[in-house]
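A.B. asks: Structure of the sequence below:
(one chain, ligands or ions: 1)
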Amino acid sequence: MFKYDSFYFQCPHCQAWLEGRNLKAEMVNEAILYSDGKVLNDNYITTPQKMIMCPSCAHLFWIEHPVEPLITFEKPDTDVYSWNTWRFFGINFSDNKGKMALINHYKTFLKKSHYEPKKEIYLRRFLWWAYNDLHRNHQHVRLRYLLNGFMSFGVWHCNRKLILEGEKLFLKNHKDFTDNLKRLLALLEKHPDEQIDLEVPEIYRELRQFDKVKELLDNTGSRTHFTNEMLRHSKWKDSRVFMVSG
Ligand SMILES: [Zn+2]
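C.D. replies: Okay, the predicted model is just below:
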């Protein structure tokens, strides 16, 4: 069964055709939600990519709303660059080198030009997630995870090495991570319409301002599994991204 619906669009500079994919609505329930708002289905991020670098001419362009007439659902009768050639700029994430390459892409984009707030928020949010990818699923390094039988020793051991290496890189780049989060927070507080769910208290938690997290969540009223987990992690003074459900 295909999990995605394909759509097609053209690079505005060289007119090359690119294939895009949207996750089918019925698959959203099978996704994993993380505290930073990133949602994964089968290791694929479900948030559509809005900034695209053409795999043919390297032109950067934005697709804010993947709807007709900008895109078509009918496969054009010509060569098409597949999703993997441009998705996340063609980067392979299976190792920390790929993860760092993605971080550097976003940093370069942000340095290169000035963006309107909506676009800057988009880029900084993806940069935040990319940093967190270095140690996402940190709970998998625990022995308990192996003993639960989720994975074989070989896979667990390899995965553990990858995450611990990623954690080191995360700490090494912590100042850049914090600078990005502070700027993202300022933008989101100025543009509340752009905030996603519990993004703001989560940013405070990842910035280790745990009292502020409690203050914000106390004001949101109803408690959910997500808010309870966020409070629990704040109480432990744990600022690492965590899995909310999945
Ligand atoms: Zn192009």
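
A.B. asks: Please point out which parts of stretch 19-39 sit buried.
C.D. replies: 19-21, 23, 27, 31-39 (16 or more other CB atoms under 10 Å). For every residue, glycine as well, the C-beta is placed using N, CA and C.

A.B. asks: So for the closest residue to Leu216 other than its chain neighbours, what's the pLDDT?
C.D. replies: Distances taken as CB to CB, 6 or more residues apart in numbering put Pro201 closest to Leu216, at 4.4 Å, once the chain neighbours are dropped. For Pro201, the model assigns a pLDDT of 97.

A.B. asks: Among the buried residues of stretch 19-39, show me the least confident.
C.D. replies: Among the buried residues of stretch 19-39, pLDDT bottoms out at Met27, giving 69.

A.B. asks: Need the contact partners of the lowest-mean-pLDDT helix or strand in the chain.
C.D. replies: Using mean pLDDT, DSSP states H and E, the weakest-scoring helix or strand in the chain turns out to be strand 44-45, at a mean of 74. With contact meaning CB atoms under 8 Å, 6 or more residues apart in numbering, strand 44-45 is reached by Leu23, Lys38, Val39, Trp129.

A.B. asks: so of these, which ones are in helices?
C.D. replies: Secondary structure from DSSP state H places Trp129 of the contacts of strand 44-45 in helices.

A.B. asks: Mind checking which of the contacts of strand 44-45 land in strands?
C.D. replies: Leu23, Val39 (DSSP state E).

A.B. asks: Which of the contacts of strand 44-45 sits closest to Glu167?
C.D. replies: Of all the contacts of strand 44-45, Trp129 has the smallest distance to Glu167: 16.0 Å, by CB to CB.

A.B. asks: Which stretches in this structure count as helices?
C.D. replies: For the chain, the helices defined by DSSP H cover 83-86, 96-112, 117-133, 143-147, 153-172, 174-190, 199-206, 210-219, 225-235.

A.B. asks: Pull the contacting residues for the residue of the chain positioned farthest from its centre.
C.D. replies: Distance to the chain centre peaks in the chain at Asp77, reaching 33.0 Å (criterion: CA atoms, centre = their mean). With contacts defined as CB under 8 Å, 6+ apart, Asp77 has no neighbours.

A.B. asks: can you check Glu19 too?
C.D. replies: With CB under 8 Å, 6+ apart, Glu19 has these contacts: Ser6, Phe7, Tyr8, Val80, Tyr81, Ser82, Trp83.

A.B. asks: What distance do you get for it to Phe153?
C.D. replies: Glu19 is 38 Å from Phe153, where distance means CB to CB, to the nearest Å.

A.B. asks: Also Ile91?
C.D. replies: Applying CB to CB to Ile91 and Phe153 gives a distance of 29 Å.

A.B. asks: Kindly state the pLDDT recorded for Asp42?
C.D. replies: 69.

A.B. asks: Tell me if stretch 9-16 is near the ion.
C.D. replies: Yes: with CB under 5 Å from the ion as the measure, stretch 9-16 is seen reaching the ion through Cys11, His13, Cys14, Ala16.

A.B. asks: Weed out the non-buried ones from those residues.
C.D. replies: Cys11, Ala16.

A.B. asks: how about the most centrally placed residue in the chain, what does it touch?
C.D. replies: Nearest to the mean C-alpha position of the chain, by CA atoms, centre = their mean, lies Trp129 at 4.0 Å. With contact taken as CB under 8 Å, 6+ apart, Trp129 is in contact with Asp36, Gly37, Lys38, Ile45.
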